[in-house]
Each structure stands twice: as C-alpha cells, then as structure tokens.
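Asker: predicted model and sequence follow; I will ask about them next.
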Amino acid sequence: MISISEFQVKDVVNVSNGKKLGSIGDIDINVTTGKIQAIILGGNGKLLGFFGKEEELVIPWRNIVKIGEDVILVRLSEPHA
C-alpha cells in the first residue's frame, strides 16, 4: 500500500525516451470503483498561462509501467510532427 503523499513526491520518467516529465500534481480517481484513472503532472516550472494555471499532462493509469521507490516509469509515445 502507498499513500498519496508518498506517490506525489516521486519523479515521473518516460521509458520511451528517458525524459523526466515532472512530479504528480493531482490524481484522477473513479469515485464509483475507487480506482485511479490517471495521474496528472503539473507544468515543468514554465510561465503560468493566461489564467494563472500551468499546463497539465494527464497520463492514463494503463501507461504506468512501474512504480519504484524513487520514480514512476510511464510509457508515452512521442507525438508525430
């Protein structure tokens, strides 16, 4: 078992390219099932947007590869240009 506070201090890393994506700012939970649907990463320290909100990256739970002691490994494919 892991608490939300322990979950939020872990770095999130994309295993597809080794890039550190940031840390968890929020968690999307299905209130009916009690299961985590997605993790939400806040912006990477960039300037705040028009309404003062940083860009968020939503990572579906199915994209989580492994939750380690210090990091959470996720698999995200690179967007095609």
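Answerer: Perfect, thanks for sending it.

Asker: can you list contacts of the helix-or-strand element of the chain with minimal mean pLDDT?
Answerer: One helix or strand of the chain scores below all others by mean pLDDT, DSSP states H and E: helix 4-8, with a mean of 81. Here helix 4-8 makes contact (Cβ atoms under 8 Å, 6 or more residues apart in numbering) with 23, 24, 25, 27, 67, 72. The C-beta positions use only the backbone N, C-alpha and C, and glycine is treated the same way.

Asker: so which of the residues you listed would you say is closest to residue 12?
Answerer: Nearest to residue 12 among the contacts of helix 4-8: residue 72, at 4.8 Å, using Cβ to Cβ.

Asker: in what helix or strand does the closest one lie?
Answerer: Using DSSP states H and E, residue 72 maps to strand 71-74.

Asker: now for that strand, which elements pack on it?
Answerer: strand 11-14, strand 64-67 (3 or more Cβ pairs under 8 Å, 6 or more residues apart in numbering; DSSP states H and E).

Asker: just the C-alpha atoms of that strand, please, in CSV.
Answerer: What follows is strand 71-74, C-alpha atoms only, in CSV (Å, rounded to 0.1, in the frame of the first residue of the first chain):
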residue,chain,number,x,y,z
VAL,A,71,10.4,7.1,-9.6
ILE,A,72,7.3,6.2,-11.6
LEU,A,73,8.0,4.9,-15.0
VAL,A,74,5.5,5.6,-17.7
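
Asker: low-confidence regions, the protein specifically.
Answerer: Within the chain, the ranges that satisfy pLDDT under 70 run 43-54, 78-81.

Asker: how about a cut-off of 80?
Answerer: 1-2, 4, 42-55, 78-81 (pLDDT under 80).

Asker: now the element after the longest strand along the chain, going C-ward?
Answerer: When the chain is scanned for its longest strand (criterion: DSSP state E), the result is strand 20-29. Remark: after strand 20-29, the chain's next helix or strand is strand 36-41, criterion DSSP H and E.

Asker: who does that next one pair up with?
Answerer: According to DSSP bridges, strand 36-41 forms sheet pairs with strand 20-29 (antiparallel), strand 57-60 (antiparallel).

Asker: which residues touch residue 73?
Answerer: Contacts of residue 73 by Cβ under 8 Å, 6+ apart are 13, 15, 64, 65, 66, 67.
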